[in-house]
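Student: Make a model of this:
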Amino acid sequence: MTGSDRRDKILNLLKNKNKAVSGSKLSSELNVSRQVIVGDVALLRASGIHIISTPRGYILNDNKEDNYIIKTIACKHDKEDIEDELNTIVDEGVIVEDVIVEHSIYGQISGNLHLECRRDVKEFINKLNSKETSPLSHLTDGVHLHTIKCKDEKTYEQVVNSLTEKGYLY
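Tutor: Numbering: from 1, shown residues only. This next block holds a predicted model:
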């Protein structure tokens, strides 16, 4: 199989899944190393295809927003509150697209999350706890932004109210 054929297969696999596909799964299915998959995804991105890398794997972003509204919220809390903060958001039917911090040297640093439900949050928290690493918000004493996708303004207001009640909104 040529590299071009493999990239076409990666693209088709991502198109036919409605959830993230891990690099390990792609490498197993295509019988290549995970590093080859990383390179292929980089080449696909360079060709203009928008592939998002999340903690659960790759997602093809075909720019369909499904009539969601996009909002940014500013939060501040300790590492121990991450799971509750994220569950508070997804419990309202809102998708947490990313986390963003403002670094004094590097400027804006972001990490894709694409969390839609409690199961996604749990997987993220398990990865965060299983690695000897800190969340991005550790760089900014807990201050961070989230880009969220909401069904409507009322849902956004519910999220804001819930986060305010819990003291997570900055």
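
Student: ok, then the element right after the least confident helix or strand in the chain by mean pLDDT?
Tutor: Of all helical and strand segments in the chain, the minimum by mean pLDDT, DSSP states H and E falls on strand 51-54, at a mean of 84. Sequence-wise, the next helix or strand downstream of strand 51-54 (DSSP states H and E) is strand 57-60.

Student: what about that next one, distance to the chain center?
Tutor: 9 Å (Cα atoms, centre = their mean, to the nearest Å).

Student: picking up where we left off before, tell me the strands beside the least confident helix or strand of the chain, with direction?
Tutor: Next to strand 51-54 in the sheet, as set by DSSP bridges, lie strand 57-60 (antiparallel).

Student: so what secondary structure elements neighbour the next helix or strand after the partner strand?
Tutor: Toward the C-terminus, strand 57-60 is succeeded by strand 69-76 as the next helix or strand (DSSP H and E). Judged by 3 or more Cβ pairs under 8 Å, 6 or more residues apart in numbering; DSSP states H and E, strand 69-76 is in contact with strand 143-150, helix 153-165. Any C-beta I mention is one placed from the backbone N, CA and C, and that applies to glycine too.

Student: Let me know the distance separating the closest residue to residue 123 other than its chain neighbours from residue 104.
Tutor: Distance criterion Cβ to Cβ, 6 or more residues apart in numbering; nearest residue to residue 123, sequence neighbours excluded, is residue 56 at 6.0 Å. Taking Cβ to Cβ, to the nearest Å as the measure, residue 56 falls 30 Å from residue 104.

Student: which one of the two has more residues nearby?
Tutor: Taking other Cβ atoms under 10 Å, residue 56 and residue 104 do not tie; residue 56 has more neighbours (19 against 7).

Student: coming back round to it: with distance to residue 71 added, can I get the helices and strands packed on strand 69-76 in TSV?
Tutor: Formatted as TSV, the helices and strands packed on strand 69-76 follow (distance: least, Cβ to Cβ, whole Å):
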stretch	distance to residue 71
strand 143-150	5
helix 153-165	5
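
Student: before we move on, which element is the residue nearest the centre of the chain in?
Tutor: A centroid search over the chain (Cα atoms, centre = their mean) returns residue 113, at 1.5 Å, as the residue closest to the centre. Assigning secondary structure by DSSP H and E places residue 113 in strand 107-115.
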